[in-house]
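In: Just the structure for this:
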Amino acid sequence: MIEEEAKAYMFPTSKREVDALGWDYIDVIFFSGDAFIDHPSFGTAVISRMLQYAGYRVAVVPQPNWRDDLRDFKKLGEPRLFFAVCSGVMDSMVNHYTAGKRRRHNDAYTPDGKAFQRPDYADNVYCGILRELYPGVPIVLGGIEASLRRVTHYDYWQDKLLPSILVSSKADYLVYGMGDRPIVALAKAIEKGQRLYSIPQIAYYSPRRTTKIKKNVLILNSYEECLKDKVTFLNNFNIIEREANKMFPNKLIEPVGDGEIVINPPYPPATTEEIDLVHDLPYTKKPHPRYKGKFIPAYEMIKNSINIHNGCFGGCNFCTIAAHQGRFIQSRSEKSILNEVKNMVKDKSFNGVITDIGAPSANMYMMKGKDLNICAKCIRKSCLYPKLCPNLNRDLKPLLKLYHDVSSVPGIKHAYVSSGVRYDLFLNEKGFLDETSYKYFYELVVHHTSGRLKVAPEHTEDHVLKLIFKPPFSYFEVMKKAFDKINRQENLHYQIIPYFISSHPGCSKGDMLALSEKKSLKGVNLDQVQDLTPTPMTASSTMFYTGLDLITKEHIFVEKNLNEKKKQKSYFFRK
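Out: Numbers count the residues shown, from 1 in each chain. Sure, this is the predicted structure:
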């Protein structure tokens with residue numbers, strides 16, 4: 001844990017707050033599309049605390065007004081080092097629009113859920129304003145919107161390919177993925193006036209094209225070539241995804257216009273010590289005092305939750321987690337997690353209930369390859385599909401111990417798991433994989449389910465599941481039988497809440513009809529369903545745009561008509 005004397009200030013958000021700290025300069029000014037919540041579930045807080053820990057003065061301007069005289073962009077003046085920009089926890093277009101491209105009327109990341117407090121394509125808008133007002137100050141982009149738009153990508157809302165966001169935003173640097181390590185390295189290099197182009201996990205635009213092929217460098221097809229041919233774009237995506245799934249990927253270069261986008265390889269997966277540091281920083285775990293107790297929906301959802309690891313090796317085609325956090329699991333130590341739990345108990349507002357001991361996939365804690373040398377050479381996108389990797393150490397005992405130890409902390413009444421779990425980690429169509437698998441599932445259901453167990457079969461039809469990269473529906477049916485049996489034995493009245501998706505490439509109305517008529521789903525609550533929103537830099541969005549299977553390059557059915565997409569979703573609600 002960080003020593004008590006290292007505890008630091010709350011980040012100022014106004015000139016008055018800067019003056020109260022007695023500052024005569026600010027190193028980094030952070031513009032964010034979200035309300036500022038000082039909690040490690042929010043990237044702006046993590047990056048700000050990491051920079052603070054490294055000795056830099058950071059101010060945050062949350063949800064600046066871009067419509068008026070731009071006073072929010074002017075009130076703090078120029079930073080000593082750079083402006084940091086992030087549209088928020090979500091891509092601003094996903095935040096604003098449904099899969100049917102209808103405008104949403106609320107925003108969970110804004111006080112009182114008020115909508116329209118950030119612009120469409122927020123990164124571009126914020127950067128454009130800053131570039132005009134402060135042409136000589138470096139701009140560093142980060143967060144999910146920037147990270148997943150770092151290369152040529154399909155934009156669902158404009159229905160066309162767009163170049164890297166570095167082109168449209170005119171930012172100087174882009175930090176992709178989990179930015180805690182690259183942002184500090186970038187700040188130190190800028191401060192010392194060093195060359196920045198070798199820093200891992202950053203991307204930048206170069207006005208000149210590479211003329212000489214170098215070792216460990218891959219040159220992609222250009223943006224312009226991708227515009228001309230969908231197969232060329234598909235080939236680019238396959239290379240990018242393959243590299244993202246490697247332990248030691250190559251540098252990528254994507255030509256655009258007269259120049260090129262350069263994407264440096266990422267840092268190696270974070271060690272337990274490195275991820276502990278991020279979570280042990282002195283977060284208040286509260287919204288900024290400027291909000292004076294206003295209700296912020298996203299905060300209320302996560303305020304009593306604990307994240308236990310980053311990364312996911314599931315490889316779902318519609319998911320952005322691996323592209324952003326990486327395929328390799330980066331777990332916190334039990335000591336760090338228990339310290340967080342003990343600090344939660346000290347908070348007078350805490351009611352004794354941890355709402356989620358979770359992660360992208362809640363049951364991958366401490367899992368990794370048995371032989372990391374094999375992992376270092378592997379290019380599989382999933383350790384689970386089409387079959388469990390024989391090199392995967394899927395030992396569930398560390399997670400069972402963690403559940404027990406968290407629940408044993410004085411003051412903890414319940415410790416629930418509300419994140420989704422991957423049931424293909426502990427069973428298949430024949431049943432549970434071993435004795436520990438059943439023990440884990442029993443413990444999860446009886447002691448760590450608040451009444452609703454969340455799982456994600458995604459669909460029922462095998463040919464659709466193959467394109468989603470998920471196991472056969474028979475796995476879910478095996479799990480549901482076990483769940484129902486435990487419910488009966490323990491006299492529980494819990495529900496299983498399956499997540500399903502409609503309009504995925506390859507899915508027709510006939511497939512949705514078949515899903516709706518599945519006998520094993522009778523009586524199951526289907527309220528966690530979604531129509532596919534093709535988000536940038538996913539396999540599903542690439543299939544949606546090209547109409548091609550990524551592996552065979554054969555044509556597949558893709559429903560693009562918004563009314564027909566709506567009809568597909570309606571099958572979830574057939575009585």
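
In: how is the protein carved up into domains?
Out: What automatic domain parsing lists as the domains of the chain is 4-263, 304-445, 451-575.

In: Out of those domains, which is closest to Pro297?
Out: Of all the domains of the chain, domain 4-263 sits nearest to Pro297, with 4.0 Å by CB to CB. In this view, the C-beta of every residue, glycine as well, is placed from N, C-alpha and C.

In: mean confidence score for the closest one?
Out: Confidence over domain 4-263, taken as the mean pLDDT, stands at 95.

In: Could you do stretch 507-525 as well?
Out: 93.

In: Then stretch 532-548?
Out: The average pLDDT for stretch 532-548 rounds to 97.

In: and the most centrally placed residue in the chain, what is it in contact with?
Out: Centroid-nearest residue in the chain: Ile321, 4.6 Å away (criterion: CA atoms, centre = their mean). Neighbouring residues of Ile321 by CB atoms under 8 Å, 6 or more residues apart in numbering: 311-312, 314, 360.

In: Please convert the domains of the chain to CSV, extending it with distance to Leu277.
Out: Converted to CSV, the domains of the chain look like this (distance: least, CB to CB, whole Å):
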stretch, distance to Leu277
domain 4-263, 8
domain 304-445, 9
domain 451-575, 28
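
In: sorry, back to before: out of the contacts of Ile321, the closest to Met301 would be?
Out: Among the contacts of Ile321, Pro360 lies closest to Met301 (CB to CB), at 15.6 Å.

In: tell me the pLDDT at the closest residue to that closest one other than its chain neighbours?
Out: Excluding the flanking residues, the one nearest Pro360 by CB to CB, 6 or more residues apart in numbering is Cys312, at 4.2 Å. We have a pLDDT of 96 for Cys312.

In: from what I can see Cys312 touches Asn363, true?
Out: No: at 10.9 Å, Cys312 does not count as touching Asn363 under the criterion of CB atoms under 8 Å.

In: I'd assumed Tyr126 was in a helix, is it?
Out: Yes: counting by DSSP: H, G, I helix; E, B strand; the rest coil, Tyr126 is found in a helix.

In: show me the contacts for it.
Out: Counting by CB under 8 Å, 6+ apart, Tyr126 has contacts 31, 33, 64, 66, 85, 87, 119.

In: Mind doing that once more with 10 Å?
Out: 31-33, 61, 64, 66, 73, 83, 85-87, 92, 118-119, 139, 141, 169, 171 (CB atoms under 10 Å, 6 or more residues apart in numbering).

In: Ala298 too?
Out: By CB under 10 Å, 6+ apart, the contact list for Ala298 reads 34-35, 37, 39, 41-42, 88-90, 107-110, 113, 287.

In: Looking at those, which is nearest Leu427?
Out: Ser41 (29.8 Å).

In: And that closest one, which helix or strand is it part of?
Out: Under DSSP states H and E, no helix or strand contains Ser41.

In: Lys342 and Pro410 touch, don't they?
Out: Yes: with contacts counted by CB atoms under 10 Å, Lys342 reaches Pro410, the gap being 8.7 Å.

In: out of these two, which sits in the busier spot?
Out: Between Lys342 and Pro410, counted using other CB atoms under 10 Å, the more crowded position is Lys342 (13 against 7).

In: What's the first helix or strand after the helix or strand harbouring that one?
Out: Assigning secondary structure by DSSP H and E places Lys342 in helix 334-346. Next helix or strand after helix 334-346 toward the C-terminus (DSSP H and E): strand 353-354.

In: List the contacts of that following strand.
Out: Counting by CB under 10 Å, 6+ apart, 304-306, 340-341, 344-345, 406-407, 409, 412-418, 448, 450 sit against strand 353-354.

In: could you give me the average pLDDT of the helix or strand following that strand?
Out: Moving toward the C-terminus from strand 353-354, the next helix or strand (DSSP H and E) is strand 356-358. Throughout strand 356-358, pLDDT has a mean value of 96.
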